[in-house]
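[1] I would like to see how this sequence folds:
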Amino acid sequence: MPNMESQNIYYKDYLNLSGILGSQHPISFEPGNIPAHDEMLFIIIHQAFELWFKQILFELDYICGIFGKEKINDNSEDMNLALHRLKRVEKILGLLNQQVTILDTMTPMDFLEFRNLLTPASGFQSVQFRLLEARLGLEMDKRHHADYYKRTNQGGFNQNDYQAINEVEHAPTLIKLINNWLERMPFFEMDHWQSYKKETENTLHPFWNDYRNIYQQGLTERETGKIKDFDFTFFEIIPKDMAEEQLSVLRSTLSPAAMRAALFIMLYRDFPVFQNSFQILDTLVDIDNQLAGWRHAHYRMVRRMIGMRVGTGNTSGSGYLEGAVSKHYVFRDIAGLSTYLIERKKLPKLPEELIMKLSFFAS
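    Below you'll find the model as predicted:
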């Protein structure tokens with residue numbers, strides 16, 4: 001018989017509260033220093049951040065495991081669970097945005113009472129947050145002030161943490177796995193388009209030929225150049241008069257084939273097969289926006305606390321954070337698909353054989 005006494009788990013022990021609640025050690029409270037009351041708040045807030053980062057990484061590992069499969073059945077529980085856990089990540093990030101505001105109860109002068117004791121430690125050195133960014137797909141060389149992330153001296157990462165971030169970046173990141181998943185969408189195979197009534201002569205796939213024509217006709221006089229963006233984004237057709245600088249702005253993290261699949265899902269999201277797929281793409285954009293909101297809240301908080309002073313980790317402080325807000329989007333390409341939408345009433349009518357595949361009664 002099982003030992004019933006061994007199963008009598010106590011709440012405090014199960015949660016290891018002795019370890020967690022005993023892990024706050026304000027430096028200002030050490031002998032020889034003047035206690036700074038708000039250092040306890042500062043520590044607890046950042047420890048709470050790290051606990052939530054750990055949960056996000058846990059969820060992302062599961063989600064990447066699903067998208068790492070060679071074949072994903074859109075009607076299986078895998079897609080539902082991936083969507084459910086992506087939405088959980090988005091909710092956690094929303095909570096973190098609220099949590100930052102608690103630091104507003106600490107005044108700049110309260111912070112100055114213990115700030116110098118933190119040097120050269122810095123929130124920049126949060127390895128879990130850097131792993132979170134890397135797991136999503138933010139590449140080291142595309143970060144704002146990328147050189148900051150390559151420091152292993154004071155204010156930078158220790159060698160083990162730097163190595164861990166690089167390893168995650170070189171593993172299959174979520175954006176790469178999403179790209180592969182989108183590229184495998186089978187709905188442009190010609191078997192599904194035999195009865196399609198094309199409106200224009202083919203130079204591309206018959207659907208995209210018609211869609212391109214409708215999109216171009218809907219552009220205003222000031223937007224006419226967008227058709228060149230369309231051609232490059234979805235088909236890598238490089239206009240002769242487009243400079244490399246313009247191309248670099250348009251160049252996507254996702255491949256043209258993945259971009260076409262993502263746009264198709266967005267256009268025909270009401271079909272049953274695409275409902276989860278669309279929500280996944282939409283939630284990825286929401287996650288990006290929540291991260292941007294968190295970075296902006298952090299920037300605002302740092303600007304309030306130290307103005308334009310140098311950060312404790314020898315970054316440019318609020319200046320660095322401000323640049324990261326606009327540059328550190330991972331799913332920018334998915335959000336940008338709205339540029340290429342047309343009116344719903346003008347959508348090309350899909351052939352019956354494809355409609356069957358996109359419906360609940362598909363075989």
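[2] skipping adjacent residues, who's closest to residue 181 in space?
    In space, residue 181 comes closest to residue 67 once its chain neighbours are excluded; the distance is 5.4 Å by CB to CB, 6 or more residues apart in numbering. Where you see a C-beta, it was placed from the backbone N, CA and C, and this is true even at glycine.
[3] show me what contacts residue 129?
    49, 53 (CB atoms under 8 Å, 6 or more residues apart in numbering).
[4] on that earlier part again, burial check on the residue nearest to residue 181, number of neighbours?
    If you count neighbours by other CB atoms under 10 Å, residue 67 ends up with 19.
[5] which elements pack onto the one helix or strand residue 62 maps to?
    In this assignment (DSSP states H and E), residue 62 forms part of helix 39-67. Counting contacts by 3 or more CB pairs under 8 Å, 6 or more residues apart in numbering; DSSP states H and E, helix 39-67 packs against helix 77-100, helix 127-136, helix 174-183.
[6] can you do 10 Å?
    Applying 3 or more CB pairs under 10 Å, 6 or more residues apart in numbering; DSSP states H and E, we find helix 39-67 packed against helix 17-21, helix 77-100, helix 108-112, helix 115-118, helix 127-136, helix 174-183, helix 272-306.
[7] from the middle of its chain, how far away would the third one be?
    Relative to its chain's centre, helix 108-112 lies at 33 Å (CA atoms, centre = their mean, to the nearest Å).
[8] what's it in contact with?
    Outside of helix 108-112, the residues within contact range by CB atoms under 10 Å, 6 or more residues apart in numbering are 36-39, 41-42, 103, 115, 118, 301-302, 304-307.
[9] same deal with the first one?
    With contacts defined as CB under 10 Å, 6+ apart, helix 17-21 is touched by 10-12, 15, 44, 47, 51.
[10] who wins on neighbours among these?
    In the contacts of helix 17-21, the most neighbours by other CB under 10 Å go to residue 44, 14 neighbours.
[11] which residues does that one contact?
    Contacts of residue 44 (CB under 10 Å, 6+ apart): 21, 23-24, 102.
[12] repeat the analysis, applying 8 Å as the threshold.
    Residues near residue 44 by CB under 8 Å, 6+ apart: residue 24.
[13] for the residue minimising distance to the centre of the chain, which non-adjacent residue is closest in space?
    Central residue of the chain (CA atoms, centre = their mean): residue 288, 4.2 Å from the mean position. Nearest non-adjacent residue to residue 288, counting by CB to CB, 6+ apart: residue 331, 4.7 Å away.
[14] what is the neighbour count of that neighbour?
    Counted with other CB under 10 Å, residues neighbouring residue 331 total 23.
[15] does it touch residue 285 like I think?
    Yes: using CB atoms under 8 Å, residue 331 makes contact with residue 285 at a distance of 5.5 Å.
[16] quick check: phi and psi at the residue nearest to residue 288.
    Residue 331 adopts backbone torsions of phi -110, psi 40, taken as degrees, to the nearest 10.
[17] with pLDDT and distance to residue 124 added, can I get the contacts of helix 17-21 in TSV?
    What follows is the contacts of helix 17-21, written out as TSV (pLDDT from 0 to 100; distance: CB to CB, whole Å):
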residue	pLDDT	distance to residue 124
10	95	39
11	96	36
12	96	34
15	96	30
44	97	20
47	97	17
51	97	19
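[18] quick one: which of the helices and strands packed on helix 39-67 is nearest residue 63?
    Closest to residue 63 of these is helix 77-100 (CB to CB; 5.2 Å).
[19] enumerate the positions of the closest one that are buried.
    Neighbour counts over helix 77-100 (16 or more other CB atoms under 10 Å) mark 78-79, 82-83, 85-87, 89-90, 92-94, 96-97, 99-100 as buried.
[20] against which helices or strands is that helix packed?
    Using 3+ CB pairs under 8 Å, 6+ apart, helix 77-100 is in contact with helix 39-67, helix 272-306.
[21] mind doing that once more with 10 Å?
    Packing contacts for helix 77-100, counted by 3+ CB pairs under 10 Å, 6+ apart, involve helix 39-67, helix 127-136, helix 174-183, helix 272-306.
[22] from the chain's centroid, how far away is the last one?
    It refers to helix 272-306. Worked out by CA atoms, centre = their mean, helix 272-306 lies 7 Å from the chain centre.
[23] swap in the first one?
    Taking CA atoms, centre = their mean, one finds the center of helix 39-67 at 14 Å from the center of the full chain.
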